[in-house]
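*Asks:* Here is my input; please provide its structure:
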Amino acid sequence: MTVPIQALVIDQHALSALSSAAIDDEWFKTFSLPETSVLKRVELNGLCYILSKRADEKSRLLVVKADDRGVFATAASPRHAFERILHVGLAQFEHGISIPVKWRSFHDGSLLSVYAQPEAVGPRQRVYFERTPQGSGHLYVYAATNKVRGF
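*Replies:* Model (predicted):
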(Lines give C-alpha, C1' and ligand atoms only; values in the text may rest on other atoms or scores of the structure.)
Protein backbone atom coordinates (compact mmCIF):
# COMPACT_ATOMS: atom_id res chain seq x y z
CA MET A 1 0.00 0.00 0.00
CA THR A 2 1.39 3.38 -0.97
CA VAL A 3 1.33 6.18 1.59
CA PRO A 4 -0.13 9.40 0.13
CA ILE A 5 2.38 12.23 -0.12
CA GLN A 6 1.87 14.63 2.76
CA ALA A 7 4.77 16.98 2.06
CA LEU A 8 7.27 17.80 -0.64
CA VAL A 9 10.79 18.39 0.75
CA ILE A 10 13.35 20.12 -1.47
CA ASP A 11 16.92 20.87 -0.46
CA GLN A 12 18.23 24.40 -1.03
CA HIS A 13 20.56 23.33 -3.85
CA ALA A 14 17.75 21.66 -5.83
CA LEU A 15 15.68 24.86 -6.03
CA SER A 16 17.55 26.32 -9.01
CA ALA A 17 17.28 23.12 -11.03
CA LEU A 18 13.54 22.89 -10.34
CA SER A 19 12.92 26.57 -11.06
CA SER A 20 14.41 26.17 -14.54
CA ALA A 21 12.61 22.87 -15.27
CA ALA A 22 9.45 22.68 -17.35
CA ILE A 23 6.74 21.64 -14.89
CA ASP A 24 3.19 21.01 -16.08
CA ASP A 25 -0.03 20.38 -14.18
CA GLU A 26 0.44 16.58 -14.29
CA TRP A 27 3.63 16.93 -12.22
CA PHE A 28 1.61 17.68 -9.08
CA LYS A 29 0.05 14.21 -9.10
CA THR A 30 3.36 12.33 -8.73
CA PHE A 31 6.13 14.90 -8.13
CA SER A 32 8.23 12.95 -10.61
CA LEU A 33 11.63 14.33 -11.51
CA PRO A 34 11.96 16.67 -14.45
CA GLU A 35 14.40 15.52 -17.09
CA THR A 36 17.65 16.32 -15.36
CA SER A 37 20.47 14.28 -13.95
CA VAL A 38 21.26 16.62 -11.07
CA LEU A 39 18.31 15.65 -8.85
CA LYS A 40 17.22 12.55 -6.99
CA ARG A 41 13.71 11.70 -5.79
CA VAL A 42 13.14 9.67 -2.62
CA GLU A 43 9.74 8.84 -1.17
CA LEU A 44 9.64 7.82 2.50
CA ASN A 45 6.80 7.73 5.06
CA GLY A 46 4.55 10.12 3.15
CA LEU A 47 7.33 12.59 2.35
CA CYS A 48 8.64 13.13 -1.16
CA TYR A 49 12.23 14.39 -1.12
CA ILE A 50 13.78 16.06 -4.14
CA LEU A 51 17.47 16.33 -3.46
CA SER A 52 20.52 17.62 -5.28
CA LYS A 53 23.90 15.91 -5.33
CA ARG A 54 25.10 18.61 -2.92
CA ALA A 55 22.45 17.82 -0.27
CA ASP A 56 23.71 16.85 3.16
CA GLU A 57 22.48 16.97 6.75
CA LYS A 58 23.27 20.70 6.97
CA SER A 59 21.26 21.65 3.89
CA ARG A 60 18.35 23.96 4.47
CA LEU A 61 15.03 22.61 3.26
CA LEU A 62 11.90 23.94 1.61
CA VAL A 63 8.97 21.89 2.95
CA VAL A 64 5.60 22.23 1.21
CA LYS A 65 2.42 20.83 2.74
CA ALA A 66 1.06 18.73 -0.12
CA ASP A 67 -1.72 16.55 1.29
CA ASP A 68 -5.38 16.84 0.23
CA ARG A 69 -5.67 20.18 2.10
CA GLY A 70 -2.18 21.30 1.15
CA VAL A 71 -0.93 24.10 -1.01
CA PHE A 72 -1.31 22.42 -4.40
CA ALA A 73 -4.79 21.05 -3.67
CA THR A 74 -6.11 24.50 -2.75
CA ALA A 75 -4.20 26.74 -5.18
CA ALA A 76 -6.12 27.94 -8.24
CA SER A 77 -2.97 27.45 -10.32
CA PRO A 78 -0.59 24.95 -8.68
CA ARG A 79 2.09 25.59 -11.32
CA HIS A 80 2.15 29.35 -10.71
CA ALA A 81 2.03 28.87 -6.95
CA PHE A 82 4.95 26.42 -7.15
CA GLU A 83 6.99 28.82 -9.28
CA ARG A 84 6.47 31.49 -6.63
CA ILE A 85 7.26 29.07 -3.82
CA LEU A 86 10.55 28.18 -5.50
CA HIS A 87 11.38 31.87 -5.96
CA VAL A 88 10.65 32.65 -2.31
CA GLY A 89 12.84 29.67 -1.38
CA LEU A 90 15.67 31.02 -3.51
CA ALA A 91 15.23 34.46 -1.92
CA GLN A 92 15.36 32.85 1.54
CA PHE A 93 18.44 30.71 0.91
CA GLU A 94 20.52 32.81 -1.52
CA HIS A 95 21.77 36.38 -1.43
CA GLY A 96 20.83 38.80 -4.20
CA ILE A 97 17.38 37.38 -4.95
CA SER A 98 14.35 39.33 -3.82
CA ILE A 99 10.59 38.91 -3.92
CA PRO A 100 9.02 41.10 -6.63
CA VAL A 101 6.95 44.04 -5.35
CA LYS A 102 3.93 42.98 -7.46
CA TRP A 103 3.63 39.82 -5.36
CA ARG A 104 2.58 42.03 -2.42
CA SER A 105 4.57 40.18 0.21
CA PHE A 106 3.32 40.58 3.75
CA HIS A 107 5.62 39.90 6.70
CA ASP A 108 4.75 39.30 10.34
CA GLY A 109 7.85 38.18 12.23
CA SER A 110 8.96 34.91 10.64
CA LEU A 111 5.66 34.54 8.76
CA LEU A 112 5.27 35.61 5.14
CA SER A 113 2.60 35.52 2.46
CA VAL A 114 2.64 36.42 -1.25
CA TYR A 115 0.13 36.33 -4.09
CA ALA A 116 -0.03 32.78 -5.44
CA GLN A 117 -0.27 33.73 -9.11
CA PRO A 118 -0.36 36.74 -11.43
CA GLU A 119 -3.62 38.71 -11.44
CA ALA A 120 -4.36 37.71 -15.04
CA VAL A 121 -4.30 34.00 -14.12
CA GLY A 122 -6.95 33.90 -11.45
CA PRO A 123 -8.20 34.99 -8.06
CA ARG A 124 -5.98 36.84 -5.63
CA GLN A 125 -4.98 33.80 -3.66
CA ARG A 126 -2.10 33.96 -1.22
CA VAL A 127 0.54 31.38 -0.31
CA TYR A 128 1.67 31.29 3.33
CA PHE A 129 5.20 30.56 4.59
CA GLU A 130 6.91 30.08 7.93
CA ARG A 131 10.52 31.18 7.65
CA THR A 132 12.70 29.38 10.21
CA PRO A 133 10.04 27.07 11.74
CA GLN A 134 10.95 26.07 15.29
CA GLY A 135 14.16 28.12 14.99
CA SER A 136 15.53 26.03 12.09
CA GLY A 137 16.98 27.46 8.89
CA HIS A 138 14.27 25.80 6.82
CA LEU A 139 11.23 27.26 5.01
CA TYR A 140 7.75 25.75 5.47
CA VAL A 141 4.87 26.44 3.07
CA TYR A 142 1.59 25.56 4.69
CA ALA A 143 -1.41 27.08 2.89
CA ALA A 144 -2.92 28.70 -0.17
CA THR A 145 -6.16 30.58 0.39
CA ASN A 146 -8.65 32.71 -1.52
CA LYS A 147 -9.12 35.05 1.41
CA VAL A 148 -6.64 36.87 3.55
CA ARG A 149 -5.84 34.53 6.40
CA GLY A 150 -4.56 35.69 9.73
CA PHE A 151 -1.21 34.32 10.72
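*Asks:* rest of the way, CA atoms for contacts and neighbours
*Replies:* Fine.
*Asks:* Quick one: neighbours of Phe114, just the number.
*Replies:* If you look again at residue 114, you'll see it is Val, not Phe. Val114 has 25 neighbours, counted by other Cα atoms under 10 Å.
*Asks:* er, Arg79 actually
*Replies:* Using other Cα under 10 Å, the number of residues around Arg79 comes to 20.
*Asks:* I'd guess it is in a helix, am I close?
*Replies:* Yes - under DSSP: H, G, I helix; E, B strand; the rest coil, Arg79 falls within a helix.
*Asks:* can you pull the pLDDT of it?
*Replies:* At Arg79, the model reports a pLDDT of 91.
*Asks:* do you know how far it is from Glu57?
*Replies:* Using Cα to Cα, to the nearest Å, Arg79 is found at 29 Å from Glu57.
*Asks:* Same question for Phe72.
*Replies:* Phe72 is 27 Å from Glu57, by Cα to Cα.
*Asks:* what's the answer for Gly137, then?
*Replies:* From Gly137 to Glu57 the distance is 12 Å (Cα to Cα).
*Asks:* got the contact list for the residue lying closest to Pro4 once chain neighbours are set aside?
*Replies:* Residue nearest to Pro4 in three dimensions, not counting chain neighbours: Gly46, with 5.6 Å by Cα to Cα, 6 or more residues apart in numbering. Gly46 sits next to Val3, Pro4, Ile5, Gln6, Ala7 when contact means Cα atoms under 8 Å, 6 or more residues apart in numbering.
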